[in-house]
Every structure is written in C-alpha cells, then in structure tokens.
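**Q** any chance you could fold what I've pasted below:
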Amino acid sequence: MMPVEPLTTAEIVPSIDVLSLPRPRLIAWFAELGQPKFRAEQLFRWLHSRLERDYAAMSDLPAALRQHLQNVAPLASLDIETARQSAIDGSTKLVLTTRHGAPIETVIMPMDAADGTPGSVTQCLSSQVGCKMGCDFCATARLPVRANLSAGEIVEQVAIACRRGYAEGRGRGGVAGGQDGPLSARPHNLVFMGMGEPLDNFAALLDALDILMDPKCYDFSPRRITVSTSGLAKFVPKLVAAQPDVHLAWSLTATTDAVRDRLMPVNKGVPIDTMVQVLRALPPRPHRKITFEYALLRDVNDSLGDARRLGQMAQLVGAHINAIPFNAWPGASYTRPVRLVIERFVDEVRSTGASISLRESKGQDIGAACGQLAGEKTLG
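**A** Next up, the predicted model:
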C-alpha cells in the first residue's frame, strides 16, 4: 500500500459532521481524503465505541490526520445543562444544549423486574428541538424554537447515557463484544418518543439508526428500538423498507377524526383511516411490533365508545395498545380521568379482544413523563 501523504491546510474543505456519518459514509469520505479504509474504521471506533470526543486522545491515528480532522471536522458534543432524578421511580431527565444553544431533553428510565430487582434501562430520545406537529396536549409544542437534530446529536444522547451509566457503576458484559468502558453501560432499549416528530427528521433518523445498530459500536438489535410517529403516513413504508424490524408506535390519542383534528393537527392531512390502512399494508415481519399510544384525557377520549373503537382498530392492525393517563404540565388544558373511568376503559378495550396495557409514565415528578418535555432552558 502506498504511504499516505500528510494533509496540508491547503486541502481543508468545509466543515463536516463526522459524528453523523454511518460507517460506510465515513469510509467513503476518508477515501476522498486519500485515506485508507482502516483509518476510517479506527475513527469510527473512537467515536462510537470508545465514545471519545477529543482527537488528541485518538492515539492510533497519525498526528497529521488528527490535526486535519480538527480543522475540517471539529467535534461538538451536547452540553448537560440540568440533570434531575425522580424520587418516585429513579428516572433521570437530562436537559441538553446543542452547539447552537438550543435545549433538548432525554430521559433515562430504569425498569424494575417483576420481583422488584433492577431490570433493564430504556432511554427516550429526542429527534428535534421543539416540534411543529402542534399537538394540543403536548408541552413540547409550546417551544418557540424548532429545528432538526443531526444524526450525531441524536446518537450523542445515547453516548451521554452510556458515560453516566458507566460512571455510576452500571457497566455490564455482552455489549459490542463484551468490551468494558462507557459502552458497557449502554441502555437496553431506545424509544424515539422524546421531543419532536422522528419521521419529520427522516434522513437524520435513518443515519442515527444505522449508527446505533452498527455491530462495530452500539450494536442495538432492531427489537430494542421503537420509533414513534404522530401519523406521517408517507414515511412509514420508507422507514420499514430501510429498517424492517424496528418497532413502530403510533401516537393515536383519539378514535374519531373530529376529536383528533382538534388534538393533533396532523390528522387533518392524514385522517385516522388513512394511517390504519398504511399500517395494515405493511409487509409482515415476525418480530416487528406495532403499538398504539393512547393518552387518556378526561371527558375527551375516555368514553366506552372510544374504548370499543380503539380496540377494533388495534385488531385490524394487529397492534398492542399502551393506554397512558394524561400527565399534566403547567398551563395544560387537560386532566387525567379518574381511576374508575380508566379501569372501565381498559376493560372495554379488552372485551373487543384487543391487547392493552395501562402504563403510568416515568418521571412524573421531574417533568419527564409523556407529553411533558418542554425545554426548561427556553421556557424557564
């Protein structure tokens, strides 16, 4: 192999975000720089296996290459603005700041096993700053700033969770070849249910999934990842074509178009039946799960008629239902139904033959529950 010539400042190109590049694209970019494939593999390992964010520490890369990367591809991590832990369930909400100063939030949720012993950890990821979907019951819709996150910023939320978990002694074997270090504290499950609409940031979502599922770094199984959508139906087949085994969740929250139009403006362009038909038409996969996320709002969508329609829709699609009593946030116009109404709703759904779970959101005391993420740094 010919020796690689040192890179000079004359070769500097516009800044590139290497943290957002899946491994094949990083290899292709290195080829453009005249660098061999193994150098790209080394950098990818530093970034996404060792979770290093300082080129100077990447000791097996030539000094000239490290300097060139510093010039054309400076690494920018997310800054931790605030960390709060729930006294109720141990969940941790992290308020993070992007390089542009915008706030996002991610939630790390311990899931105890049935016998009360520590179990798996699920991380809820944000895909955007704010959200333009405008769902009336969601606090994120109040954020004045709206922007897409890069794939690197999505993945960086997981890297931060790994580092924190490792520092807290939660490393374990069996992750990415059983290596130690921060990646050994990788969360067990990822849910794209934080701030933003994942399918509205589709390209970055796909790149982030490629990195998170790469066997040479995070090595997540698609069975450990769920992508939620408010109903951007045209992107669902595209997501399934790219990642056929990733689980899907539809944030439904109403069983009639009249109510859903009011709660979720996306419904005016993609009515309920349209989304149902798109989900029914997906090629079957033995391990892919489809879930209906249904936030129960008092005297809005909690009638027995709603329960029957919800169960029937779930049966048509082959979906499981997560019923989530509404978690109030300051200024919210809605409240949660009383316990008796919730129990009757769940019983009525089950009478249709549908599968339903009643789920209390994690982190309710720290503003980390479903629908509560609102960017504390911006809203104060």
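
**Q** mind listing what's buried in the helix or strand where Gln67 lies?
**A** Under the criterion of DSSP states H and E, Gln67 resides in helix 63-72. Using 16 or more other CB atoms under 10 Å as the burial criterion, the residues of helix 63-72 that qualify are Leu65, Arg66, Gln67, His68, Leu69, Val72. C-beta: built from backbone N, CA, C; applies to glycine.

**Q** for the longest helix seen in the chain, what is the average pLDDT?
**A** For the chain, the longest helix by residue count, based on DSSP state H, is helix 151-167. The average pLDDT for helix 151-167 rounds to 96.

**Q** in this protein, which spans are helices?
**A** Using DSSP H, helices in the chain cover 23-32, 37-48, 63-72, 151-167, 202-212, 236-242, 257-263, 272-280, 304-317, 339-351, 376-379.

**Q** out of those helices, which is closest to Phe292?
**A** helix 304-317 (5.7 Å; CB to CB).

**Q** check the offset of that closest one from the chain's centre.
**A** Helix 304-317 has its average C-alpha position 27 Å from the chain's average C-alpha position, going by CA atoms, centre = their mean, to the nearest Å.

**Q** can you give me the buried ones in that helix?
**A** Asp306, Ala307, Arg308, Arg309, Leu310, Gly311, Met313, Ala314, Val317.

**Q** quick check: closest non-adjacent residue to the fourth one.
**A** When you say that, I think you mean Arg309. Leaving out its chain neighbours, the residue that sits closest to Arg309 by CB to CB, 6 or more residues apart in numbering is Thr255, at 3.8 Å.

**Q** count of neighbours near the one you found?
**A** Thr255: 21 surrounding residues under other CB atoms under 10 Å.

**Q** with the one 4 residues further on instead?
**A** Using other CB under 10 Å, Val259 has 17 other residues around it.

**Q** ok, it - contacts?
**A** Val300, Asn301 (CB atoms under 8 Å, 6 or more residues apart in numbering).

**Q** now do the strands in the stretch 51-200 of the chain.
**A** Assigned strands in the stretch 51-200 of the chain, in chain order: 79-85, 92-97, 103-111, 120-124, 128-129, 147-148, 189-192 (criterion: DSSP state E, counting those that start in this stretch).

**Q** quick one: closest of these to Arg45.
**A** The closest of the strands of the stretch 51-200 of the chain to Arg45 is strand 189-192. By CB to CB, the value is 20.7 Å.

**Q** residues contacting the closest one, please?
**A** 120-125, 127, 158, 198, 205, 212, 220, 224-228, 249.

**Q** give the contact list for Gln128.
**A** So Gln128 contacts Ile104, Arg146, Ala147, Asn148, Leu149, Met195, Gly196, Glu197, Asp200, Asn201 (CB under 8 Å, 6+ apart).

**Q** that one - nearest residue in space that isn't next to it in sequence?
**A** That would be Gly196: by CB to CB, 6+ apart, it lies 2.6 Å from Gln128.

**Q** can you check the pLDDT for the one you found?
**A** 93.

**Q** distance of it relative to Gln157?
**A** 12 Å (CB to CB, to the nearest Å).

**Q** pull up the overlap in contacts between the two.
**A** Common neighbours of Gly196 and Gln157 (CB under 8 Å, 6+ apart) are Ser126.

**Q** circling back to that earlier point, what's the most distant pair in the contacts of Gln128?
**A** The span of these, defined through CB to CB, is set by Ile104 and Asp200 at 14.6 Å.

**Q** ok, of the buried residues of helix 304-317, which one's closest to Glu153?
**A** Val317 (32.0 Å).

**Q** circling back to that earlier point, pick out whichever of Ile104 and Asp200 has more residues nearby.
**A** Neighbour count, other CB under 10 Å: between Ile104 and Asp200, Ile104 has more, with 31 against 19.

**Q** show me the contacts for Cys131.
**A** Cys131 touches Cys138, Thr140, Ala141, Leu143, Arg146, Met195, Gly196, Glu197, Asp200, counting by CB under 8 Å, 6+ apart.

**Q** hmm, 10 Å instead?
**A** Going by CB atoms under 10 Å, 6 or more residues apart in numbering, Cys131 touches 138-143, 146, 194-197, 200, 230, 373.

**Q** do Lys268 as well
**A** Contacts of Lys268 by CB under 10 Å, 6+ apart are Asp257, Arg260, Asp261, Arg262.

**Q** from the residues you listed, pick the one nearest Ser20.
**A** Nearest member of the contacts of Lys268 to Ser20, counting by CB to CB, is Arg260, at 34.0 Å.

**Q** need the contacts of Lys268 in CSV with neighbour count, can you?
**A** Shown next, in CSV, are the contacts of Lys268 (neighbours: other CB atoms under 10 Å):
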residue, neighbour count
Asp257, 14
Arg260, 24
Asp261, 15
Arg262, 13
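
**Q** just want the most central residue of the protein.
**A** By CA atoms, centre = their mean, the chain has its centre lying nearest to Phe192, at 2.4 Å.

**Q** quick check, pLDDT for that residue.
**A** 97.

**Q** do Trp29 as well
**A** pLDDT, Trp29: 97.

**Q** count residues in the vicinity of it, would you?
**A** By other CB under 10 Å, 17 other residues sit near Trp29.

**Q** go on, Leu263?
**A** Leu263 - counted by other CB under 10 Å - has 21 other residues nearby.

**Q** contact partners for it?
**A** Counted by CB under 10 Å, 6+ apart, Leu263 has contacts 134-138, 252-254, 295, 297, 300-301, 334.
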